[in-house]
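1. I need the structure of the sequence given here:
(one chain, ligands or ions: 3)
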Amino acid sequence: MGVLERIKSPSDVRKLTTAQAIQLASELRTFLVQSVSQTGGHLGPNLGVVELTIALHQVFDSPRDTLVFDTGHQAYVHKILTGRNDFSSLRKQGGLSGYPSRAESEHDVVENSHASTSLSWADGIAQGYRLQGGSTRHVAAVIGDGALTGGMAWEALNNIAASKDLPLVIVVNDNGRSYAPTIGGLAHHLDTLRATRGYENVLDWGKKALNRSGPPGRLAYDALHGLKKGLRDVVMPSGMFEDLGLKYIGPIDGHDIVALARALRRAKDFGGPVLVHVMTEKGRGYTPAERDTADRFHGIGPIHPETGLPIAPSRFGWTSVFSDEIAQIARQREDVVAITAAMLRPVGLAEFAEQFPERVFDVGIAEQHAVTAAAGMAFAGLHPVIAMYATFLNRAFDQILLDAALHKAGITIVLDRAGVTGDDGPSHNGMWDMSLVGIVPGLRLAAPRDEPTLRSALRDAVKIHDGPTVVRYPKGPVGPLIPASEVRNGIDVLAEHGANSGTRVLVLGVGAMAALAVEVGSSLAAEDMLVTVVSPTWVLPVPAALVELAADADLVITIEDGLVVDGVGSRVLAESAVAGVTVPFLMRGIGQRFVEHASRAQVLAEERLTASDIVADAKRALNR
Ligand SMILES: Cc1ncc(C[n+]2csc(CCOP(=O)(O)OP(=O)(O)O)c2C)c(N)n1
Ligand SMILES: CC(=O)[C@@H](O)[C@H](O)COP(=O)(O)O
Ligand SMILES: [Mg+2]
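-> Ligands and ions are numbered 1, 2, ... in the order given. Below is the predicted model of the structure:
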C-alpha cells in the first residue's frame, strides 16, 4: 500500500516519517500527472508545490490554523491532503472546483481566483484571531512571485509589517514565473535573493561547525550571525522585506521537505510576521512541463501523459484572430503599443512582442497599473492596447473611469475570455464587463460576432483617440462567419424573414451570441412572425438606430453573454424608455449570481441561453 492511499487528513501527514513524506511527494506527482492530463487544469503550478504543501500541513494545524492560497490554482495538493481525491471530477459540474472551495472543505478559505489577494485575507484573518484571543491560531499565506507583483499584495505587506506581534507567515512561492518569467524590479530582487542560496548553505555549515566547537565557537557564530544582516545586505539585499519590518527567512529549497518544515516552524514560532522565501520549480518532476519554455504547463487541456502533447486541438480561435490582427495593425501603426498583465501568450500578444519587443509592455499582474499607465502613454501620443481576460477588468474599473475616460484617453482594452468560461469557476467568468463599463462616459464597447467583425472592431478601436474603447470576445474557437444581409442605419441586419403581417419581433444578438440570435429568429419566423435579427458590432453606447428598430417591434429579444443586469439589453430597454418607446422586452444573459464551475454549454443552458428556451419564452411572452 502506498503512502498516498493512507492520507485522509492533515493529521495523517503529520504522522509521516521523513522518508514517508518524501515517498508521498513522489506519489502525489504521479497522481497529479495521471489525473490532470485527463481532465486538464493547472498541472505546472501544482507540481511545483508538492513538498511545500506537505510541509505546510506538517507544521500548521489546519483548519485551526488557516492556510490561504493566492489565486488558488496551486491548491490541488492541499485538496488531496485534506481528503479530496476525486480528481476525475476536477472542474466538472458538480465535481471538484479548480480552486479552494468552502463548500468542499473546512480547510479552504479563499475561492477568488484573482491574484494578489491572499496577504490581505491573511492579515484580516490574523487580526481577527488576535482580537478574539486566538493568538495561538496561526495564519499562513502562500503567494507566488507573480502574484507578489500585484499592488494589493504591497498594500497588505505595508499593513502586516506594522503589526510586529501578528502571528502571520507569508510564504513566497518563488518559481521565477507567472506564465513567463516574472517581470519587474521585484523579480530582479527575488533573483538576487535566489542567487545567494549558496550563501545560506555556507552559513548553515558555519553554524554547525562553530557550534560543534564549544563556547568559543558559539561566540564566534553569534558574532558572525550579527554580521549576517550586514553581510547579507551586501551579498543579498534582502533588506527590502526587512526594511519593511518583516522578518525574512530564506531562500529555502522548496523541494526539500525537511528544510521547508524547519523554516516554517521557525516562522510559526517567531510570534510576529515572517516572510519565508521558498524557491520552487513550476512543473517539477514532469519532463514535458519542465521543458515547456512558454509557461511550464501553467494551465493545460487534456494531454497524453507520456508525451505531454495536447489531445484536443488548439483551444483558442478568437485569441488567434486577435493575435494576427493586432500584429498587422502594429506593422502599420507605430504609435500602437501593447500591454499585458503577465499573460503575454494567453491573451495573444506573443507575435506582436516578437516583431516589436520594445512596443510590448508586461506590467506583471497589475491591471490597475496597466490602465493608468496606458492613459499616460495616450497622453504622450501613443495608442496603447491593453489585452486582458474580461474578468480581470473588474479590478481596474476606477482606473478606466477616472484615469482613462475622465481624461478622454485614447486607449483600447481588449477582453479575451469574455462571457461564460465555465470550468474555471465563478471568479473567471467574464460576465461583468459590459455592465461595468456601460456607465463610463465616453467609453465605446464592441462585441464582434465573428472573425471579420473582430478584425474591423480592432481597426476601428485604434482609430479612436478621444476616449477608451473596449473590444470583447469569448474563450475558444471562433464560430462560422455571420455576414450581414444589409446594414440599416449603421445596424448589421443578419436576417429578416417570416410573415409580412402580424407579430413583429426584433432579436438582438450581442457579439458571439449572434449565432444563437439567428437560430432563434428562424424558429420564430416559422411560427408566423416577422422577425428581424440584428447584431451591431459597437453596442455601447446603445446606437439610436437600435431604439428606432425596437419602436417598430411587438417584442424585443436581447441575447448577450454577460450579466443581464445593466447589460446591453437593459441599456436598450432604458434608451427605449427614454425615447418613449414602450415595447415588451425579453432579455437573456447571465443572472446576477456566482456561476459554479461547469462546461460553458451547461452554464448557458442553466441561464436559458438556448434557442429552444428563448423561443418558448418568447411565445409565452406573446401569449402564443
Ligand atoms: C488579477 C489577476 N490577473 C491575472 C490572473 C491570471 N493568472 C493566473 S495565475 C497567474 C500567474 C501567477 O503567477 P504566480 O503567482 O507566480 O503563481 P505560479 O503560477 O507561478 O505558482 C496569472 C497571471 C489572475 N488570476 N488574476
Ligand atoms: C488561474 C488563472 O487565472 C489562469 O491560469 C486561468 O485559469 C487561465 O484560463 P485559460 O485556461 O482560459 O487561459
Ligand atoms: Mg510563480
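
2. With His298 as the reference, measure out to the closest residue to ligand 3 within the chain.
-> Relative to ligand 3, the nearest point of the chain is Gly144 (3.8 Å; Cβ to the ion). Using the backbone N, CA and C atoms, a C-beta is placed for each residue, glycine as well. From Gly144 across to His298, the span is 11 Å (Cβ to Cβ, to the nearest Å).

3. Kindly point out which residues are neighbours of both of those two.
-> Pro45 (Cβ atoms under 8 Å, 6 or more residues apart in numbering).

4. Name the nearest residue to the residue of the chain closest to ligand 3, sequence neighbours excluded.
-> Asn173 (5.0 Å; Cβ to Cβ, 6 or more residues apart in numbering).

5. Return the backbone torsion pair for the closest residue to Ser9 other than its chain neighbours.
-> Leaving aside its sequence neighbours, Ser9 sits nearest to Gly83 (Cβ to Cβ, 6+ apart; 5.5 Å). Backbone torsions of Gly83, given as degrees, to the nearest 10, read phi 90, psi 10.

6. Can you give me the pLDDT of Gly83?
-> Note for Gly83: predicted pLDDT of 97.

7. Can you show me the strands along the stretch 251-400 of the chain?
-> 274-279, 336-340, 360-362, 383-389 (DSSP state E, counting those that start in this stretch).

8. Please see if the last one touches ligand 2.
-> No - when contact is scored as Cβ under 6 Å from any ligand atom, no part of strand 383-389 falls within range of ligand 2; the minimum is 6.9 Å.

9. quick one: that strand to strand 336-340, angle?
-> 30 degrees (axes from the mean of the first three to the mean of the last three Cα atoms, to 10 degrees).

10. right, is strand 383-389 up against ligand 1?
-> No - shown here: strand 383-389 not in contact with ligand 1 (Cβ under 6 Å from any ligand atom), separated by at least 6.7 Å.

11. Please compute how far stretch 555-574 lies from its chain's middle.
-> Here stretch 555-574 shows a centroid-to-chain-centroid distance of 26 Å under the convention Cα atoms, centre = their mean, to the nearest Å.

12. and that stretch, how far apart are its ends?
-> 15 Å (Cα to Cα, to the nearest Å).

13. average pLDDT for that stretch?
-> Mean pLDDT, computed over stretch 555-574, is 98.

14. and what of stretch 4-11?
-> Averaging pLDDT along stretch 4-11 gives 97.

15. Do me a favour and get the end-to-end distance for that stretch?
-> Span of stretch 4-11 from end to end, Cα to Cα: 13 Å.

16. Check what contacts that stretch and list those residues.
-> Outside of stretch 4-11, the residues within contact range by Cβ under 8 Å, 6+ apart are 12-13, 24, 27-28, 31, 57, 61-62, 80-83, 107.

17. Would you mark the buried spots in that stretch?
-> Leu4, Ile7, Pro10 (16 or more other Cβ atoms under 10 Å).

18. nearest to ligand 1, of those?
-> Nearest to ligand 1 among these, counting by Cβ to the nearest ligand atom, is Pro10 at 21.1 Å.

19. Not counting residues beside it along the chain, what's closest to the closest one?
-> Distances taken as Cβ to Cβ, 6+ apart place His57 nearest to Pro10, at 4.2 Å, with adjacent residues excluded.

20. helices or strands next to the helix or strand where the one you found lies in the packing?
-> Element membership for His57, per DSSP states H and E: helix 50-59. Using 3 or more Cβ pairs under 8 Å, 6 or more residues apart in numbering; DSSP states H and E as the contact test, the elements touching helix 50-59 are helix 10-14, helix 18-39, helix 76-81, strand 139-144, strand 168-174, helix 257-270.

21. Give me the more crowded residue out of Gly144 and His298.
-> Gly144 (32 against 23; other Cβ atoms under 10 Å).

22. my read: the more buried one touches Thr71, true?
-> Yes - here Gly144 reaches Thr71: they are 6.8 Å apart, a contact under Cβ atoms under 8 Å.

23. what's the overlap in contacts for these two?
-> Contacts common to Gly144 and Thr71, judged by Cβ under 8 Å, 6+ apart, are Ala115.

24. circling back: and the helix holding His57, does that touch ligand 1?
-> No - using Cβ under 6 Å from any ligand atom, helix 50-59 never reaches ligand 1; the gap is at least 10.2 Å.

25. excluding its backbone neighbours, what's nearest the most centrally placed residue in the chain?
-> Nearest to the mean C-alpha position of the chain, by Cα atoms, centre = their mean, lies His114 at 5.0 Å. Excluding the flanking residues, the one nearest His114 by Cβ to Cβ, 6+ apart is Ser427, at 5.7 Å.

26. wait, the one you found sits on Ala115?
-> No - counting by Cβ under 8 Å, Ser427 stays clear of Ala115, with 10.5 Å between them.

27. Neighbour count: these two, which is higher?
-> Higher neighbour count among Ser427 and Ala115: Ala115, with 28 against 19, using other Cβ under 10 Å.

28. Now do the nearest residue to that one once chain neighbours are set aside against ligand 2, distance only.
-> Spatially, and ignoring its direct neighbours in sequence, Ala115 is nearest to Ala147 (4.1 Å; Cβ to Cβ, 6+ apart). Separation of Ala147 from ligand 2 (Cβ to the nearest ligand atom, to the nearest Å) stands at 10 Å.

29. Name the nearest residue to His73, ignoring sequence neighbours.
-> Closest residue to His73 in three dimensions, ignoring its sequence neighbours and counting by Cβ to Cβ, 6+ apart: His42, at 4.1 Å.

30. Now do the same contact list for the one you found.
-> By Cβ under 8 Å, 6+ apart, the residues touching His42 are Val36, His73, Gln74, Tyr76, Gly98, His298, Gly299.

31. Keep only those residues that also lie close to ligand 1.
-> Among those, proximity to ligand 1 is found for His73, Gln74, His298 (Cβ under 6 Å from any ligand atom).
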